[in-house]
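Peer 1: Show me the folded form of this:
(2 chains)
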Amino acid sequence: MFQPLKPHQWALMAAVILVMMVIPMITRDSYLLHVLILAMIFGIFASAWNLVTGFAGLKTFGHHAFFGIGAYASALISINAGLSPWITIWIAALAATIAGLFIGLPILRIKSMPHVAIVTLGFAEIVRIVISNLQSITRGELGLWGIPAFTDFTLPGIGKVVFTPADKLPYYYLVLVLLIASVVVVTLLMRSKTGLSMVAMRDAEDAAESLGVNLTKQKLLVFGVSAFLVGLAGAFYAHYIGILTPSAAVGIDLMILIIAMVLVGGLGTLSGPLIGALILTVTIELLRDLDNYRLLVYGAIIILIVMFLPKGLATLGPLVAKRFTSRSQ
Amino acid sequence: MNYAIFLEQIINGLIIGSMYALIGSGIALIYGTMRVLNLAHGEFYMLGGYFVFFLVVTYGVPSYLAIPIAIFATFILGALIQRLTIHYLLPREGWAFSTIAATLGLSIFLQNAALLLFGEQFQSVPYYLSGIVEFAGIRLPVQRLLIFGVALLTIAIMTYVLKRTRLGWAIRATSQDRDAAAVVGIPAQRIYLITFGIAAALGAIAAAMLAPIYAINPWSGMPILLKGFVVVILGGLGSFPGAIAGGLILGVVEAVGVQLTSSEWRDVIAFTLMIGVIWWRPWGLFGKKPS
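Peer 2: Prediction:
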């Protein structure tokens, strides 16, 4: 993870980005684009959760709170204050960050994994119930609708970019940019000194502390960055989908989806969350008829992966490659 | 505020709290013996409730027979789940996280399996006992007294088992030091299996007693699981007596809190209390600060 990328890894990354950029030029099928947009939103969420859980070793189960805070904050500010979503998504991401730092503080005091899991779950539940109860502001389970779309702008050389539900294209490129930026942030963070000390902290907390790693600062930084990215993903989701309900935007089902994605892809790897988000979003869309079984399938996937493939699919690649090279020698 | 009504609410809080105590003590037993946080614990409660419902309502089995059968069935289910999942995960590296993740997956799996098998309608069971007791201006349905009585009896039996029987000694020895217990010939694997079963059965007891009051539905496990978590945080994770005290405290705090606000804030009060306790005393209200 901390070695410089090899040429073929750079090539692979460039190829993936290129393919993602070219897809809408080949097909404008709005359903396909919609599925990919969702996969990318989940990709940001999954990468950010993986940053905390996979890399920093803080096993949290309440990140859906930040998604919901981001979504509702951006929607409510743009509706009530009339600000453009281009501004409100950043305010919302900051709100999620503040919430992240707030809940990060008590977690810092505890080293026990179950305590962290319980606190984060409880916190997310508080957020969901508060949003659901404040019906005069959020309309509760009736759903918050009338969320403004991103305002139009003109791109030199391309022309006017209009965000409407009918055309998925601008959303596609916007979320692609957000996804790439998120992955770059996570990667840079992991390749910095912070990243090294985080992994040291995850693998041997006491040893890391004794060598002078400032646990409090590192944990807060990671938690803040992670909450920011998840909040941003939530804010984008709000303006893309156009309607929010507490169960859809802050429900525990959302967290389970993300956990399944990260576990399938590979916890504690850079590409795992992205692979998992793509595979699960697409598979579930392909199995649309099985909608009633969706969560049943997610539950089963989590159990099976934990039992039989604990390191996820991302680690299969190098494994296969190793076997291949060792055979050819 | 009317004094009698207020007192009545406190007593109701204690009664519901005694059920929280049973849920919490199940979580505490599992955590105490194998250091596993069981996120599927709420599903034992949910399935226990359905077992009682099918036996009593669908098949017309008398409740005094149906409830023990349901409790035993849940015991078997709990032991089975332990054997099929946790058993394989515990010896592996990273078991602390993998058991949490696996039980979360299990929770969502069982919840949706129940939804598909039993449907989404809310079910309920008739009162086991009718009638109302009046005392010093306080009115209490006999059903609620029964709940409290069963809770006290269960706690007494569990305390006896843990303190006075060979099984209890084995459970406590394993929870104090697994390796040392193994050296003196205590079969840790069997203890884990039985502990998981007992914890599941405790959930089923709570479910059986609350079935006439709270509706049985596929989603009823998650809220009760979170209540159980609050209880074990209050009492100190892994402590059986702590869970009993934590349950009663949570019941009373909720009752007072709901009087001051409204019932839709009940869970927010519970979780805020929990986060407050974690800030202040992460080792629980009664636990000792780890040195």
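Peer 1: Does anything pack onto the longest helix that chain A contains? Which helices or strands?
Peer 2: With secondary structure taken from DSSP state H, chain A has its longest helix at helix A:215-241. Helix A:215-241 sits against helix A:30-50, helix A:64-80, helix A:85-108, helix A:169-191, helix A:193-203, helix A:205-210, helix A:246-249, with contacts defined as 3 or more Cβ pairs under 8 Å, 6 or more residues apart in numbering or on different chains; DSSP states H and E. Placement of C-beta: from N, CA and C, glycine included.
Peer 1: weakest of those by average pLDDT?
Peer 2: Lowest mean pLDDT within the helices and strands packed on helix A:215-241: helix A:205-210, at a mean of 72.
Peer 1: In stretch A:174-193, which residues are buried?
Peer 2: The neighbour-count check on stretch A:174-193 (16 or more other Cβ atoms under 10 Å in any protein chain shown) flags A:174-176, A:178-180, A:182-183, A:185-187, A:189-191 as buried.
Peer 1: Just give me the neighbour total for the nearest residue to residue B:259 once chain neighbours are set aside.
Peer 2: Nearest non-adjacent residue to residue B:259, counting by Cβ to Cβ, 6 or more residues apart in numbering or on different chains: residue B:9, 5.6 Å away. Residue B:9 sits with 18 neighbouring residues when counted by other Cβ atoms under 10 Å in any protein chain shown.
Peer 1: how about the nearest residue to the residue of the stretch 151-300 of chain A found nearest chain B, chain neighbours excluded?
Peer 2: Closest to chain B within the stretch 151-300 of chain A is residue A:299: 3.0 Å, counting by Cβ to the nearest Cβ. Excluding its sequence neighbours, the residue lying closest to residue A:299 (Cβ to Cβ, 6+ apart) is residue B:109, at 3.0 Å.
Peer 1: Count the neighbours of that neighbour for me.
Peer 2: Using other Cβ under 10 Å: residue B:109 sits among 21 other residues.
Peer 1: Check the one 4 residues further on too.
Peer 2: The local packing count at residue B:113 equals 18, with neighbours defined by other Cβ under 10 Å.
Peer 1: Looks like it contacts residue A:293 (just checking).
Peer 2: No - at 9.6 Å, residue B:113 and residue A:293 do not qualify as touching, with contact defined as Cβ atoms under 8 Å.
Peer 1: show me what contacts residue B:38?
Peer 2: Listed by Cβ atoms under 8 Å, 6 or more residues apart in numbering or on different chains, the contact partners of residue B:38 are B:27, B:30, B:31, B:99, B:103, B:196, B:199.
Peer 1: Now the second one: which helix or strand?
Peer 2: The secondary structure element spanning residue B:30 is helix B:3-34 (assigned by DSSP states H and E).
Peer 1: quick one on the thing from earlier: could I get the buried residues of stretch A:174-193 as a markdown table with distance to chain B?
Peer 2: Output for the buried residues of stretch A:174-193, formatted as a markdown table (distance: Cβ to the nearest Cβ, whole Å):
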| residue | distance to chain B |
| --- | --- |
| A:174 | 32 |
| A:175 | 27 |
| A:176 | 30 |
| A:178 | 27 |
| A:179 | 25 |
| A:180 | 28 |
| A:182 | 23 |
| A:183 | 23 |
| A:185 | 24 |
| A:186 | 20 |
| A:187 | 23 |
| A:189 | 21 |
| A:190 | 19 |
| A:191 | 24 |
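Peer 1: Out of the residues you listed, which two sit at the greatest distance?
Peer 2: Of all pairs drawn from these, the widest gap by Cβ to Cβ lies between A:174 and A:191 and measures 26.1 Å.
Peer 1: Could you count how many residues lie near the residue nearest to residue A:63 when sequence neighbours are not counted?
Peer 2: Computed as Cβ to Cβ, 6+ apart, the closest residue to residue A:63 that is not its neighbour in sequence is residue A:49, at 4.9 Å. Neighbours of residue A:49 under the rule other Cβ under 10 Å: 26.
Peer 1: One more: residue A:313?
Peer 2: If you count neighbours by other Cβ under 10 Å, residue A:313 ends up with 18.
Peer 1: Next: residue A:316.
Peer 2: Neighbour count for residue A:316, taken as other Cβ under 10 Å: 12.
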